[in-house]
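Okay, predicted coordinates and the sequence, questions at the end:
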Amino acid sequence: MQQHESINVQWIEDEKFNDTLINLRLAIPMKEKDRTMVNLLSKMMGDRLENTKTKEAMTRRLDYLYGFKVRSSTYVLGKYLILDLQGYGISQQFVDEPLLEKQIKMLVDMLTQPLLTHELLNEAKKKLIIQHQRLKENHARQAVQNALAHAGKGQVFSLSSMGDLSDLDSIDLEEIKEFHQTMLKNHAKVLTIVGNVEPFDLSDLLAGLGTSSLVPSYQPTKIEPLKIEETHSGSQTELILLYEVDIIPNSKESVAMMLYTSQLGQLPTSLLFQELREKHSLCYSIYANRYVFDGVLMIHTGIDQKNIDQALTLIDVQIETMKNGIENLEGLKQTIITQLNGNTEELQSQSVREFTGLLKNEDQSIDELITIIESIENDDIIAVANKINNPFIYIYKGGHDEEN
């Protein structure tokens with residue numbers, strides 16, 4: 001990784017790719033109103049620029065870059081809200097011009113020169129309102145957001161990456177412009193470039209982006225063993241369990257937790273899927289997911305209301321079963337290793353892994369990770385399994401729940 005005056009630069013050189021993926025990411029501390037302003041800016045950055053003031057001009061500029069595709073998005077990783085400007089296009093090797101430099105310049109311009117006007121701010125507000133409305137219509141996603149808000153109340157874990165609509169009326173153009181400048185000057189930035197690329201000096205392209213160090217993003221969450229029930233207008237009931245699992249991401253213990261989560265609820269052969277879905281037909285779907293940067297394990301299932309109590313009992317049985325270790329641990333290791341090797345065939349996976357490694361304060365190759373996986377024994381699995389007890393339970397009941 002290269003450290004420029006204002007930005008971390010990650011070059012991932014892989015000659016098998018015919019395309020190039022570029023991500024320019026900002027890590028912004030999770031604060032109440034800031035989240036909403038970041039989302040508004042994200043929508044404006046993907047629209048028009050100071051030097052490209054119409055949609056037609058934006059389209060032409062992207063066409064001149066051989067159909068370069070750009071997008072802007074936000075998501076949460078621990079204590080940070082990530083603003084991710086992404087560009088995807090053909091590799092430099094196919095053209096006789098400095099294409100990669102122009103592609104990077106496009107993303108830098110999106111970050112530094114978005115067209116900020118009253119009209120575009122109002123458009124961004126409308127888009128954010130629609131985004132929130134669509135979330136409410138997706139009861140499974142809404143249930144997750146509600147569960148996190150309740151379980152993590154008063155903590156970063158409770159805050160949505162989408163911000164709050166209640167902020168919109170108080171945000172004007174001057175505040176957006178001021179926040180944009182603050183973001184450029186004060187928040188850490190990472191440029192990740194994946195493909196058949198040759199590193200070159202980016203000093204001129206990245207000049208003036210401000211400076212800020214990127215500190216590890218782990219933010220452990222305290223989870224109280226409570227039970228909350230709410231209702232919605234849909235048919236399916238959502239059941240979510242959240243467990244406190246305080247494990248530092250860049251540790252052998254974290255790798256053991258990765259194997260634990262896979263065995264519990266991430267594979268077709270996982271305990272939760274086999275017991276609740278296949279054997280007892282209690283639910284429509286079920287999976288386990290780990291919030292690595294928050295120290296939380298989640299189990300989520302869509303279920304019929306009449307099966308809730310039995311499902312909770314069986315989930316608890318699987319949690320207890322895991323405290324005996326994994327019967328076919330070697331087979332599970334090989335499955336995970338195969339998945340990791342497959343990820344090296346994907347531009348996106350490589351970019352995400354490199355960036356999250358930085359947030360974990362971890363500089364680890366795939367081969368080094370595989371070596372750690374191979375060293376994990378059942379004593380390591382049992383040790384992390386014994387950390388997992390007393391969940392927060394959230395039940396989002398469908399108002400028109402149907403028979404399974």
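Perfect, I can see it now. Residues are numbered from 1 along each chain as shown.

Flag every buried residue along stretch 339-346.
For stretch 339-346, burial by neighbour count (16 or more other C-beta atoms under 10 Å) applies to residue 340. No exception for glycine: its C-beta is placed from N, CA and C like everyone else's.

Could you do stretch 225-242 as well?
Using 16+ other C-beta under 10 Å as the test for burial, stretch 225-242 gives 232, 234, 236-242.

Make TSV out of those residues and add pLDDT, secondary structure and distance to residue 83.
Converted to TSV, the buried residues of stretch 225-242 look like this (pLDDT from 0 to 100; DSSP: H, G, I helix; E, B strand; the rest coil; distance: C-beta to C-beta, whole Å):
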residue	pLDDT	secondary structure	distance to residue 83
232	92	strand	30
234	85	coil	32
236	88	coil	33
237	94	strand	35
238	96	strand	29
239	97	strand	33
240	98	strand	27
241	98	strand	31
242	98	strand	26
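
For these, work out which two are farthest apart.
234 and 242 (21.4 Å; C-beta to C-beta).

quick check: longest helix of the protein.
When the chain is parsed with DSSP state H, its longest helix is helix 118-137.

which residues are in contact with it?
For helix 118-137, contacts defined as C-beta atoms under 8 Å, 6 or more residues apart in numbering pick out 36, 39-41, 43-44, 47-48, 141-142, 145, 162-163, 165, 168, 171-173, 176.

at 7 Å instead, please
39-40, 43-44, 47-48, 141-142, 145, 162, 165, 168, 173, 176 (C-beta atoms under 7 Å, 6 or more residues apart in numbering).

what about the residue of the chain most remote from its centre, is that helix, strand or coil?
Centroid-distance maximum for the chain: residue 96 at 36.1 Å, with C-alpha atoms, centre = their mean. Recorded secondary structure, residue 96: coil (DSSP: H, G, I helix; E, B strand; the rest coil).

Can you list the strands that whichever helix or strand residue 28 is part of pairs with?
Using DSSP states H and E, residue 28 maps to strand 19-29. The strands beside strand 19-29 in its sheet (DSSP bridges) come out as strand 80-90 (antiparallel), strand 188-195 (antiparallel).

related to what we said a few turns ago, adding distance to residue 68, write the buried residues of stretch 225-242 out as a markdown table.
Below are these laid out as a markdown table (distance: C-beta to C-beta, whole Å):
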| residue | distance to residue 68 |
| --- | --- |
| 232 | 41 |
| 234 | 40 |
| 236 | 40 |
| 237 | 44 |
| 238 | 39 |
| 239 | 43 |
| 240 | 39 |
| 241 | 43 |
| 242 | 40 |
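
Which helix or strand contains residue 181?
helix 173-186.

That helix: which residues count as buried?
Quick answer for helix 173-186 (16+ other C-beta under 10 Å): 176, 179-180, 183-184.

Kindly report the same for stretch 252-271.
By 16+ other C-beta under 10 Å, the buried positions in stretch 252-271 come out as 253-267, 270-271.

which residues in this protein form helices?
If DSSP H is used as the criterion, the helices of the chain fall at 32-45, 55-64, 99-112, 118-137, 139-151, 173-186, 203-206, 252-265, 271-272, 308-321, 329-343, 347-359, 366-375, 378-385.

List just the one of those that sits closest to residue 25.
helix 347-359 (6.2 Å).

So for that closest one, mean pLDDT?
The pLDDT scores in helix 347-359 average 95.

helices or strands up against it?
strand 8-13, strand 19-29, strand 188-195 (3 or more C-beta pairs under 7 Å, 6 or more residues apart in numbering; DSSP states H and E).

go again using 10 Å as the cut-off
strand 8-13, strand 19-29, strand 69-77, strand 80-90, strand 188-195, helix 329-343, helix 366-375 (3 or more C-beta pairs under 10 Å, 6 or more residues apart in numbering; DSSP states H and E).

Can I get that helix in CSV, CA atoms only?
Below are the C-alpha coordinates for helix 347-359, written out as CSV (Å, rounded to 0.1, in the frame of the first residue of the first chain):
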residue,chain,number,x,y,z
LEU,A,347,-12.6,-7.8,-8.7
GLN,A,348,-15.1,-6.7,-6.1
SER,A,349,-14.1,-9.3,-3.5
GLN,A,350,-10.5,-8.4,-3.8
SER,A,351,-11.3,-4.7,-3.4
VAL,A,352,-13.5,-5.2,-0.3
ARG,A,353,-11.0,-7.6,1.3
GLU,A,354,-8.1,-5.1,0.9
PHE,A,355,-10.1,-2.2,2.3
THR,A,356,-11.6,-4.1,5.2
GLY,A,357,-8.2,-5.4,6.1
LEU,A,358,-7.1,-1.8,6.5
LEU,A,359,-10.0,-1.1,8.9
